[in-house]
Structure formats: structure tokens, C-alpha cells
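**Student:** Sequence below, structure please.
(one chain, ligands or ions: 1)
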Amino acid sequence: MREIKQSQKLKNVRYDVRGPILEEAQRLEAQGHKILKLNIGNPAPFGFEAPQAIVADMIHHLPEAQGYSDSRGIFSARTAVAQYYQSRGLTEAHVDDVFIGNGVSELITMVLQTFIDDGNEILVPAPDYPLWTGAVTLSGGTPVHYLCDEANDWAPDLADIESKITENTHAIVIINPNNPTGAVYSEEIVKGLVDIARRHELVIFSDEIYEKILFDDAVHHHTATYAGDDVLCLTFSGLSKAYRVCGYRSGWVLVSGPKHLARDFLEGLTLVSNMRMCANVPAQHAIQTALGGYQSVQELIVPGGRFYEQSMLAYRLLNEIPGVSAVKPRGALYLFARLDPEIYPIKDDEQFVIDLLRAKHLLVTHGTGFNWPDPDHFRMVCLPDVAMLEEAIGRIAEFLAEYRTK
Ligand code: PLP
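**Tutor:** Below you'll find the predicted structure:
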């Protein structure tokens, strides 16, 4: 038999959060080393537990969840999602506008496969959550990265977005609250983004999976509220983060705006949904309970709560390291730290992360893995408890001190 190769479609697709850096970590683990993995936003391994009601709901529904469901999702889950958005000001949200998926990840790939024709340009933030860039590419599109401005609390640079729009631009991706930067966009920025979409007739893909993980006085503004009835907006969210059930694979997308102009697209999305039958049914049952019940994430995001305290500690400790700076996170689970190139002249940041891993048995993710253009950032998750975070950032500081003197 001849050599079996991957499809050319994958040629420019990357997803570095679980790429070669993780393979190296697994190689070290196989040798018996204990690796502290700060590369993935998965709360469960760090001692976070899902709300009891959600686990109980899954168990309760297992016997009756053996069959496929409607490919768009079970009625109670879709109703709960629609009602949630109604209560958040999107009064037009309807059960038929909701599709449930195996996490937001599946919905991102399904939506982009349905939407993109070869060569279509899609505006994606830099830095981004890299699935967006990868899924645009895999769908035959061209990701065009717009800059988020570190000097302006990582807000999207509206002028940069305008300058990158061409006749071939079809949509814009917004990630708010943001992974990897921890930014939460002001009302003015959200309005500015929607205004650009409106003027250039762009569809908006708004990834709001961290909408409930907000610190201090940060307020989350749903993009769809501003997009109104004349800009098509797809809002993505789910249970993975706020409800700490990444493994259940449960997310949704809400379609809002001029749906009468999107009939053909929505038929396509239904076809693609049908082709994969449905999302994991037991996890769909958890959605109604999650959205309707007591929101225990609240305890984690206030002073004294683990998400809050750990994020603030990581922010303080990283900024104490010479030549390292990180913008204070306003939400989500991450810090995107800058390494001053004058002090740390890094040429290949993936290699830098691998060197750190080999030396200190600690895994973070390199900034270029988030489509940041320069090799001068890394992302760490703020999920370990305070003692483990102090230990982890201590190891980073030691490594950087050795790096400086080399
Ligand atoms: N969107 C963003 C911004 C994320 O950070 C993640 C996961 O880290 C996802 C989507 C995917 O989430 P899930 O597929 O678990 O719903």
C-alpha cells in the first residue's frame, strides 16, 4: 500500500493548545515526570465541581436519553436557551432559533462549514481562540486577523478591522469575554463592532462562552442585543466553563437578526445538524437546569472565590517578574502575558514553551498558537489553587531568570 497522507485541506490548520507541546508533555509524563499543565481551560482536574443539580439531572435522565434527539436539540433545552436570551433583552429569541451541539466547538465547525465558500474572508481576532482560525481554514475560508490592542486592555482595534475589510469579507468573529486575553468589551466597543458589521453587511459570530465569568465591575454585553433585527448574529455559548462540565460537551448557538434573509443558510445548518444526528442527549438535559437554577459560578467570581482570587494572584505574581507584563483580566480563565523582547529575545515561542516544559515540568501555551503575530507572549490558565499557582509562577520566574542570564 502507498503512504497514507492527511488531506491537503489540513495543510494550514493548526490547533497548538493540544499540539506538539502537549505531545512533549505526555512524553515526559511517560518517563515518570509530573507535569503541571496550564495549557487548557478545563476546570475539573483542578478540583472544581459541577453544580450538583446538573450531575443529578444527567443521571436522572440517562434511562430516557438512549435514543437520538431532534438534531437541533431537545425541546426543553432549546426553550431554556431561548428564554434565557429573552430575559437578557433579546425578546425575539425563539425556540426555533436555537441549535444544541456537542460543545461550542462542534457548533463552530458546523456553522463555518455551512457558511463559507472557498476563499471567503472571515475576520478573526488576534490573538484568538485558535479553533476559530483553524475551522475557517478547514472550511475553505481565509482567516484575516484583526488586532486587539494590548495597550487598550486588549480591545479590538476598530480602525484595523475597517482597514482589513475587502469585497470578499463575509463575517466577523468576536470573542467576548476573551480567551486568551481576559478582556471584556465595553458597550462602546461592542456597538463599534456591530456598526462595522452593519455598514459592511457582515454576519457576526459572537463567541460568549465566558459570559458569566466576570470580575469586579465588568459587565457583559451580548453582541446580538446591538445587532438588532438588521444584522445576522450567531451567539455561541454553553455549559463547559461557567458550569465546569467541559466533558459533558454541551453548548448552543442562537440565531438572531434578519432570519428571513438567512433562510437558505439556516436550511443548510439544519442539513449539517441532521448529518451528525444530534448532540449528546444526556448532556442536553442539563441545559434547562443549568440556566434556570442557582448560578453557583457567582461564588467563584467574587472576591474570596477561586476564579477571582486565582486570576488576581496570577496577575500580580506574573507582573512582578522582570520583563513580564500581563493586562489585568476582567473575565474568563486566562492571562496572556507579554515577555519584553529586549529582555527575552525569543525567536520561536513554541520552542521557548518546550524549553520551559523540559526545565520546569510546567506547560503553558505559546502566543503564536493563538495567532498572535510575534513570539513574545504566552498564555496560562488560572485554574490551579493558590498554592499551586504560586509554585507554578515561581517556576516560570526561575526559568526566566536563567533565560535572562544566558
Ligand atoms: N470558545 C472559546 C473562546 C473557548 O475558549 C472554548 C474552549 O476553551 C470553546 C469555544 C469551546 O468550548 P466547548 O466546546 O467546550 O463548548
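**Student:** which residue sits closest to the closest residue to the ligand within the stretch 251-400 of the chain, ignoring its sequence neighbours?
**Tutor:** Per Cβ to the nearest ligand atom, residue 251 is where the stretch 251-400 of the chain lies closest to the ligand, at 4.0 Å. All C-beta atoms are positioned from the backbone trio N, CA, C, and that covers glycine. In space, and not counting its chain neighbours, residue 251 is closest to residue 238: 2.7 Å by Cβ to Cβ, 6 or more residues apart in numbering.
**Student:** What distance do you get for the one you found to residue 93?
**Tutor:** Between residue 238 and residue 93 the computed distance is 16 Å (Cβ to Cβ, to the nearest Å).
**Student:** Residue 23 now?
**Tutor:** For residue 23, the distance to residue 93 - Cβ to Cβ - is 42 Å.
**Student:** Which one's more surrounded, the two?
**Tutor:** A direct count of neighbours by other Cβ atoms under 10 Å for residue 23 and residue 93 places residue 93 higher, at 22 against 11.
**Student:** Close to the ligand: what parts of the stretch 51-200 of the chain are there?
**Tutor:** With the criterion set to Cβ under 6 Å from any ligand atom, the stretch 51-200 of the chain comes near the ligand through 103-105, 129, 175, 179.
**Student:** Export those to TSV and append columns for neighbour count and secondary structure.
**Tutor:** Shown next, in TSV, are those (neighbours: other Cβ atoms under 10 Å; DSSP: H, G, I helix; E, B strand; the rest coil):
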residue	neighbour count	secondary structure
103	23	helix
104	24	helix
105	18	helix
129	27	coil
175	26	strand
179	27	coil
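**Student:** got CSV for those residues, with pLDDT too?
**Tutor:** Below are those laid out as CSV (pLDDT from 0 to 100):
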residue, pLDDT
103, 98
104, 98
105, 98
129, 97
175, 98
179, 98
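**Student:** Residue of the protein nearest the ligand, please.
**Tutor:** Of all residues in the chain, residue 103 sits closest to the ligand, at 2.6 Å by Cβ to the nearest ligand atom.
**Student:** And the strands in the stretch 101-250 of the chain, which stretches?
**Tutor:** Ranges of strands in the stretch 101-250 of the chain, per DSSP state E, counting those that start in this stretch, are 121-126, 142-149, 155-156, 169-175, 203-207, 233-238.
**Student:** Using TSV, lay out those strands together with distance to residue 325.
**Tutor:** Formatted as TSV, those follow (distance: least, Cβ to Cβ, whole Å):
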stretch	distance to residue 325
strand 121-126	18
strand 142-149	14
strand 155-156	17
strand 169-175	21
strand 203-207	26
strand 233-238	30
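**Student:** Quick one: closest of those to residue 328.
**Tutor:** When the strands of the stretch 101-250 of the chain are compared by Cβ to Cβ, strand 155-156 sits nearest residue 328, at 13.5 Å.
**Student:** Show me what that closest one is packed against.
**Tutor:** With contacts taken as 3 or more Cβ pairs under 8 Å, 6 or more residues apart in numbering; DSSP states H and E, strand 155-156 sits against strand 142-149, helix 187-200.
**Student:** The last one: how far from the chain's middle?
**Tutor:** So that's helix 187-200. 21 Å (Cα atoms, centre = their mean, to the nearest Å).
**Student:** mind listing what's buried in that helix?
**Tutor:** Residues of helix 187-200 classed as buried: 189-190, 192-194, 196-197, 200 (neighbour count, 16 or more other Cβ atoms under 10 Å).
**Student:** do the shortest one as well
**Tutor:** For strand 142-149, burial by neighbour count (16+ other Cβ under 10 Å) applies to 142-148.
**Student:** rounded to a whole number, what's the mean pLDDT of it?
**Tutor:** Averaging pLDDT along strand 142-149 gives 98.
**Student:** what helices or strands is it leaning on?
**Tutor:** Contacts defined by 3+ Cβ pairs under 8 Å, 6+ apart place strand 142-149 against strand 121-126, helix 131-138, strand 155-156, helix 158-163.
**Student:** what pairs with residue 379 across the strands?
**Tutor:** Taking DSSP bridges as the rule, residue 379 bridges to residue 336, residue 365.
**Student:** pLDDT score for it?
**Tutor:** Here, the pLDDT recorded for residue 379 equals 98.
**Student:** And it, how far from residue 95?
**Tutor:** 37 Å.
**Student:** got the contact list for residue 251?
**Tutor:** In this structure, residue 251 makes contact with 100-107, 209, 236-240, judged by Cβ atoms under 8 Å, 6 or more residues apart in numbering.
**Student:** same check, this time on residue 100
**Tutor:** Residues near residue 100 by Cβ under 8 Å, 6+ apart: 72-74, 77-78, 81, 250-252, 278-279, 284, 287.
**Student:** Could I get those in JSON lines, plus columns for pLDDT and distance to residue 51?
**Tutor:** Listed next are the contacts of residue 100 as JSON lines, based on pLDDT from 0 to 100; distance: Cβ to Cβ, whole Å:
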{"residue": "72", "pLDDT": "97", "distance to residue 51": "25"}
{"residue": "73", "pLDDT": "98", "distance to residue 51": "20"}
{"residue": "74", "pLDDT": "98", "distance to residue 51": "19"}
{"residue": "77", "pLDDT": "98", "distance to residue 51": "16"}
{"residue": "78", "pLDDT": "98", "distance to residue 51": "21"}
{"residue": "81", "pLDDT": "98", "distance to residue 51": "17"}
{"residue": "250", "pLDDT": "97", "distance to residue 51": "13"}
{"residue": "251", "pLDDT": "98", "distance to residue 51": "17"}
{"residue": "252", "pLDDT": "98", "distance to residue 51": "18"}
{"residue": "278", "pLDDT": "98", "distance to residue 51": "24"}
{"residue": "279", "pLDDT": "98", "distance to residue 51": "20"}
{"residue": "284", "pLDDT": "97", "distance to residue 51": "16"}
{"residue": "287", "pLDDT": "97", "distance to residue 51": "12"}
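**Student:** export those residues to CSV and tack on secondary structure?
**Tutor:** Output for those, formatted as CSV (DSSP: H, G, I helix; E, B strand; the rest coil):
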residue, secondary structure
72, coil
73, coil
74, coil
77, helix
78, helix
81, helix
250, coil
251, strand
252, strand
278, coil
279, coil
284, helix
287, helix
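**Student:** biggest separation within the residues you listed, which pair?
**Tutor:** Using Cβ to Cβ, the contacts of residue 100 span at most 15.2 Å, a distance reached by 81 and 278.
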